[in-house]
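Visitor: I would like the atomic coordinates for the input below:
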Amino acid sequence: MKLIVLDRDGVINRDSDAFVKSVEEWIPIPGSIEAIAQLSKAGWKVAVATNQSGIARGLFNGETLEAMHDKLRQLVNGQGGRVDLIVHCAHGPDDGCDCRKPSPGLFRQIAQHYAMNDLTGIPVVGDSLRDLTAGLALGCTPYLVKTGKGERTLQKPLPEGTQVFSDLAAVVQHLLQD
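Guide: Just a heads-up that it's a prediction; the model follows:
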């Protein structure tokens with residue numbers, strides 16, 4: 001099975017240091033929706049793993065998060081593709097959960113959903129070290145995008161083997177060439 005794990009904010013949609021709190025604030029990065037649809041149409045399963053501590057902080061609720069994810073699914077469906085799975089962590093940074101990236105809990109949920117022991121070789125696309133670190137714990141191959149917090153992340157040491165691309169569309173173009 002061809003599977004990819006994407007971070008959401010900063011990879012698929014514009015990120016905000018003030019949090020993406022509403023459907024109106026959820027704005028796709030140019031090319032990201034088309035890229036997800038291309039992967040899907042090429043036979044890839046697309047999973048999204050996203051920290052959403054805005055819920056724990058009281059900035060928005062689970063219904064609003066679902067509405068944002070419905071918008072994502074509808075946009076991708078409109079391009080002839082699909083998002084197969086979205087998992088999220090609603091905890092705050094000090095809650096001590098194992099699902100908030102950089103902990104690998106969300107990636108374990110994805111592996112369990114697809115009845116896989118680990119995610120060895122599965123691409124993980126993120127704009128921060130915590131995205132890549134969480135995926136690496138289960139054997140993912142790290143891809144950093146320069147969108148979102150990606151340019152800031154480039155100033156830090158990256159995990160060995162991290163490939164860097166301008167955006168999600170460039171990652172997808174690379175994967176579909178292989």
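Visitor: for this structure, which segments are assigned as strands?
Guide: 3-6, 45-51, 85-89, 123-126, 141-145, 163-165 (DSSP state E).
Visitor: redo those strands as JSON lines? Include mean neighbour count.
Guide: In this view, the C-beta of every residue, glycine as well, is placed from N, C-alpha and C. What follows is the strands of the chain, written out as JSON lines (neighbours: other CB atoms under 10 Å):
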{"stretch": "strand 3-6", "mean neighbour count": "25"}
{"stretch": "strand 45-51", "mean neighbour count": "23"}
{"stretch": "strand 85-89", "mean neighbour count": "19"}
{"stretch": "strand 123-126", "mean neighbour count": "27"}
{"stretch": "strand 141-145", "mean neighbour count": "24"}
{"stretch": "strand 163-165", "mean neighbour count": "16"}
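Visitor: could you dump those to JSON lines with distance to Ala35 and mean pLDDT?
Guide: Formatted as JSON lines, the strands of the chain follow (distance: least, CB to CB, whole Å; pLDDT from 0 to 100):
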{"stretch": "strand 3-6", "distance to Ala35": "10", "mean pLDDT": "98"}
{"stretch": "strand 45-51", "distance to Ala35": "10", "mean pLDDT": "98"}
{"stretch": "strand 85-89", "distance to Ala35": "16", "mean pLDDT": "98"}
{"stretch": "strand 123-126", "distance to Ala35": "10", "mean pLDDT": "98"}
{"stretch": "strand 141-145", "distance to Ala35": "11", "mean pLDDT": "98"}
{"stretch": "strand 163-165", "distance to Ala35": "11", "mean pLDDT": "98"}
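Visitor: tell me who's in contact with the closest residue to Lys156 other than its chain neighbours.
Guide: Among residues not flanking Lys156 along the chain, Leu129 sits closest, at 6.1 Å (CB to CB, 6 or more residues apart in numbering). Residues in contact with Leu129, defined by CB atoms under 8 Å, 6 or more residues apart in numbering, are Pro102, Thr153, Lys156, Leu158, Pro159.
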